[in-house]
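Colleague: after the sequence you'll find the predicted model.
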Amino acid sequence: MPLNRRDFVARTAAVAAGTAVAAGASGAAAEAATPQNDLGSDHSHRPPRTYSFSVLGTTDVHGNCVNWDYFKNAEYEDAAQNDVGLAKISTLVKQLRAEIGHDRTLLIDAGDMIQGTQLSYYFARVAPITVGGHKAPKHPMALAMNHIRYDAAALGNHEFNYGIPTLRAFEKQCDFPLLAANAIDSRTSKPAFRPYIIKRIEVHGAPDIKVGILGLTNPGIAIWDKANVAGQMTFPGIAEQAAVYVPRLRSAGADVVVVSAHSGIDEPTSYGDQLPWPEDASGEMAANVPGIDAVLVGHTHKEVDQRLITNTATGRTVVLSEPLKWGMRLTRFDFVMELVHGAWKVNSVSSTVLNSNTVAEDPEVTKILAKEHAAVIAYVNQVIGSCTAELSIAEAPFQNVPIIDLIGRVQQDTVKAGLAGTAYANLPVLAQAAPFNRTADIPAGQVRLRDAAGLYIYENTLAAVILTGAQIKDYLEFSAEYYNTLPVGAPIDKSTLTNANGLPDYNYDEVYGVSYDIDVSHAVGSRILNLNYNGAPIDPAQQFALAVNNYRASGGGNFPHVATAQQIWSSSDEIRNTIIAWVKAKGSINPADFAAAPGWRLVRNGVPLF
């Protein structure tokens, strides 16, 4: 059963004091320890016996199987010279297994596997793995991860983007278990997925080393994918459920406990207080739940070579590591075990991350995926229209640019059409849009599907909610927290102007259909000036239909008013597909048809910055 936060504190205190905790039933009960012959009861006259093994880990691979950028139709490249994809990871894993020993190496993942590239999208929507029964297409991530021989993977929040049926189909195609101790079936109140497994490492002449792997996903799924999970699954807190299952793993005989958690270490929670559990709780879990040796961290797309946290109950050090994202890095946890009176104890743990750009792709993986890769390349390169001028998103965080207006116009047109013939047909429609992808570009001339799809890299769908003019201003004030304060006279540096307090680009919203200034010399909460609709100051009491993505509509980003606003329309089609369909229907993209005038601008003390 889920553990609430009050019970969590009491339970962790009880575990620290040695009080027995009821283990209860578990999906991994069949893998509980069986009696082993040890080496005798008294080994004090013998030197300590040690044995080493390693646990390797990836996270947030996001459908990157090969080192390819489907939006650019070229090998992946960034300023840091990173490479991506499981084909690179496979080479690293092979090298490490050869070095460490295949029988001394485990491989796990911390979630967000099946969403993020056009390759993964294709097998969710274009040639879905849910259609065709035993003849259904095989998901490229399942093909690659099976070949590399993963031992287990925790679920990430993006596993739920395409709905539970797609996730279940992926689960069936995997040769390894998908773990999520805090994904709870709403009907039975039991875990909807396997909570943990215990893997055995055989030691010649000594008991097996039993490695418990606990999987935990993110509570934010209840908000971010509400439409897909409401009434079917709940997602209690990470630390709270770890406090339930770590003792069960230990009772089942685990000598080592490794947690694979799709949760950052100590980042702020993007959904505020909408849920009673934090988004990034790996650090809290390590500090407060006794019995954990190491944590493979995910979700935040950060590189953490090694983070050491002292457990407050036991005084023992817990090692945490996060291997960036997209297959760019591979974490390596190295364990040294000591045999004490016939039982294995952890002597030491350390971690590091390896860069996948140091190796070539595994040709076996690229060969396995060749057919799927080729199909997606053909799909994304189909011509869907033309454009009268090149549109770039590079300056979108700093000034009103037509390419963001295009997203706003598509959403505005779609909602207007959806409201036609309803009681809300006469509501003026505004639209939210964010600079999701700072490398997006639509060329002059032929427009291919990948050009339009690159504008919207997430699997969001579209909805419409009613907000007043005053609430729109509140919304924009919240969004303007994205900028650092720029005092009058201070030099203008674009590299330090945005992403205040770590806010990502996807949490900076522009609103299409109104004009306004953002004065970055003003304090947070009083930056929106000259907010106009139809050339006149906006009426605080006037009602508007705001087109928003489902992430915002469900409370993602914790923007004010939206999650509690009346929703008057929604669509199940991805916004990306809506943009593609709009371009196909128009045939030609002409910025003169949709570019906002005057739109919005950044100012300092009333003077435009750019």
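Modeller: Right, received. Where do you want to start?

Colleague: list the buried residues of stretch 549-568.
Modeller: The neighbour-count check on stretch 549-568 (16 or more other Cβ atoms under 10 Å) flags 549-563, 565, 568 as buried. In short, each C-beta sits where N, CA and C put it, glycine included.

Colleague: repeat that for stretch 375-384.
Modeller: Buried residues in stretch 375-384 (16+ other Cβ under 10 Å): Ala375, Val376, Tyr379, Val380, Ile384.

Colleague: ditto for stretch 294-313
Modeller: 294-301, 304, 306-307, 309, 311, 313.

Colleague: did I read that right, Gly215 in a helix?
Modeller: No. Counting by DSSP: H, G, I helix; E, B strand; the rest coil, one finds Gly215 to be strand, located in no helix.

Colleague: circling back: pick out whichever of the buried residues of stretch 294-313 sits closest to Gln118.
Modeller: Ranked by distance to Gln118 (Cβ to Cβ), the buried residues of stretch 294-313 are led by His301 at 19.0 Å.

Colleague: which one is that closest one nearest to, not counting chain neighbours?
Modeller: In this structure, His301 finds its nearest non-sequential neighbour in Lys325, 4.2 Å apart by Cβ to Cβ, 6 or more residues apart in numbering.

Colleague: how many neighbouring residues does that neighbour have?
Modeller: Lys325 has 23 neighbouring residues, counting by other Cβ atoms under 10 Å.

Colleague: does it touch Tyr76 like I think?
Modeller: No. Contact criterion Cβ atoms under 8 Å: Lys325 and Tyr76 do not qualify, at 11.9 Å.

Colleague: thinking again about what came up before, from the buried residues of stretch 549-568, which land in helices?
Modeller: If you go by DSSP state H, those have Asn550, Tyr551, Arg552, Ala553 in helices.

Colleague: just to revisit the earlier point, closest one to Gln411 out of the buried residues of stretch 294-313, please.
Modeller: His301 (26.1 Å).

Colleague: before we move on, the earlier item: how near is the residue nearest to His301 to Leu106?
Modeller: 21 Å (Cβ to Cβ, to the nearest Å).

Colleague: same thing with Asp451?
Modeller: From Asp451 over to Leu106 (counting by Cβ to Cβ), the distance is 42 Å.

Colleague: between these two, who's got more neighbours?
Modeller: The neighbour count for Asp451 versus Leu106, taken as other Cβ under 10 Å, is higher for Asp451 (26 against 21).

Colleague: low-confidence regions, this protein specifically.
Modeller: 1-48 (pLDDT under 70).

Colleague: show me the domain layout of it.
Modeller: According to automatic domain parsing, the chain is divided into the following domains: 12-17+38-374, 382-608.

Colleague: quick check: which of those is buried the most?
Modeller: domain 12-17+38-374 (a mean of 21; mean count of other Cβ atoms under 10 Å).

Colleague: spell out the secondary structure type for Met406.
Modeller: Heads up, residue 406 is Leu, not Met. With three-state DSSP as the basis, Leu406 sits in helix.

Colleague: my error: substitute Ser260 in the last question.
Modeller: strand.

Colleague: give me every residue that touches the nearest residue to it once chain neighbours are set aside.
Modeller: Nearest non-adjacent residue to Ser260, counting by Cβ to Cβ, 6+ apart: Ala154, 4.0 Å away. Counting by Cβ atoms under 8 Å, 6 or more residues apart in numbering, Ala154 touches 108-111, 178-180, 215-217, 260-262, 296, 298.

Colleague: and the end-to-end length of stretch 509-521?
Modeller: In stretch 509-521, first residue to last residue: 19 Å (Cα to Cα, to the nearest Å).

Colleague: follow-up on the earlier one: name the residues linked to the residue nearest to Ser260 by a beta bridge.
Modeller: Under the criterion DSSP bridges, Ala154 forms beta bridges with Leu179.

Colleague: how near is it to Gly111?
Modeller: Distance from Ala154 to Gly111, by Cβ to Cβ: 5 Å.

Colleague: what do you get for Leu249?
Modeller: Relative to Gly111, and taking Cβ to Cβ, Leu249 is found at 19 Å.

Colleague: just the ones of the buried residues of stretch 375-384 in strands?
Modeller: Members of the buried residues of stretch 375-384 lying in strands (criterion: DSSP state E): Ile384.

Colleague: closest to Phe160 out of the buried residues of stretch 375-384?
Modeller: Set against Phe160, the nearest of the buried residues of stretch 375-384 by Cβ to Cβ is Val376 (22.2 Å).

Colleague: next up, the contacts around that closest one.
Modeller: With contact set as Cβ under 8 Å, 6+ apart, Val376 has these partners: Tyr70, Gln118, Leu119, Tyr122.

Colleague: so the third one belongs to a strand, correct?
Modeller: No. Going by three-state DSSP, the assignment for Leu119 is helix, not a strand.

Colleague: and the strands in the stretch 401-550 of the chain?
Modeller: Counting by DSSP state E, counting those that start in this stretch, the stretch 401-550 of the chain has strands at residues 429-433, 441-442, 445-448, 461-468, 510-512, 515-519, 528-533, 536-537, 543-549.

Colleague: show me the strands paired with the fourth one, marking each as parallel or antiparallel.
Modeller: Each strand pairing with strand 461-468, determined using DSSP bridges, is listed with its direction: strand 543-549 (antiparallel), strand 567-574 (antiparallel).

Colleague: same check on the fifth one?
Modeller: Strand partners for strand 510-512, identified by DSSP bridges, are recorded as strand 429-433 (antiparallel).

Colleague: spatially central, which residue of the protein would that be?
Modeller: Centroid-nearest residue in the chain: His299, 4.7 Å away (criterion: Cα atoms, centre = their mean).

Colleague: phi and psi next, for the closest residue to Ala396 other than its chain neighbours.
Modeller: In space, and not counting its chain neighbours, Ala396 is closest to Pro435: 3.9 Å by Cβ to Cβ, 6+ apart. Here is the backbone geometry of Pro435 (degrees, to the nearest 10): phi -80, psi 80.

Colleague: contact partners for Pro435?
Modeller: Pro435 touches Ile393, Ala396, Pro397, Ile404, Asp505, Tyr506, Tyr508, counting by Cβ under 8 Å, 6+ apart.

Colleague: closest one to Ala370 among the strands paired with strand 461-468?
Modeller: strand 567-574 (26.6 Å).

Colleague: pull the CA atoms of that closest one into CSV?
Modeller: Output in CSV follows, covering the C-alpha atoms of strand 567-574 (Å, rounded to 0.1, in the frame of the first residue of the first chain):
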residue,chain,number,x,y,z
GLN,A,567,-11.6,23.2,-19.6
ILE,A,568,-13.9,23.7,-22.6
TRP,A,569,-12.2,21.7,-25.3
SER,A,570,-9.4,19.1,-25.8
SER,A,571,-7.9,17.0,-28.5
SER,A,572,-6.2,13.6,-28.4
ASP,A,573,-3.9,14.4,-31.4
GLU,A,574,-0.4,15.6,-30.7
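
Colleague: separation between the closest residue to Tyr458 other than its chain neighbours and Ile223?
Modeller: Excluding the flanking residues, the one nearest Tyr458 by Cβ to Cβ, 6+ apart is Phe436, at 6.4 Å. Counting by Cβ to Cβ, the gap from Phe436 to Ile223 is 19 Å.

Colleague: swap in Lys172?
Modeller: For Lys172, the distance to Ile223 - Cβ to Cβ - is 27 Å.

Colleague: cool, Trp600 as well?
Modeller: Look at Trp600 and Ile223: by Cβ to Cβ, they are 27 Å apart.

Colleague: how far out from the middle of the chain is stretch 229-244?
Modeller: Stretch 229-244 sits 17 Å away from the centroid of its parent chain (Cα atoms, centre = their mean, to the nearest Å).

Colleague: ah, wrong one, I meant stretch 422-441
Modeller: 23 Å.

Colleague: now stretch 103-123
Modeller: For stretch 103-123, the distance to the chain centre is 12 Å (Cα atoms, centre = their mean).

Colleague: stretch 590-603 now?
Modeller: Offset of stretch 590-603 from its chain centre (Cα atoms, centre = their mean): 32 Å.

Colleague: list the contacts of that stretch.
Modeller: Against stretch 590-603 from outside (Cβ under 8 Å, 6+ apart): 387-389, 391, 398-400, 402, 405-406, 408-409, 483, 510-513, 515-520, 529, 608-610.
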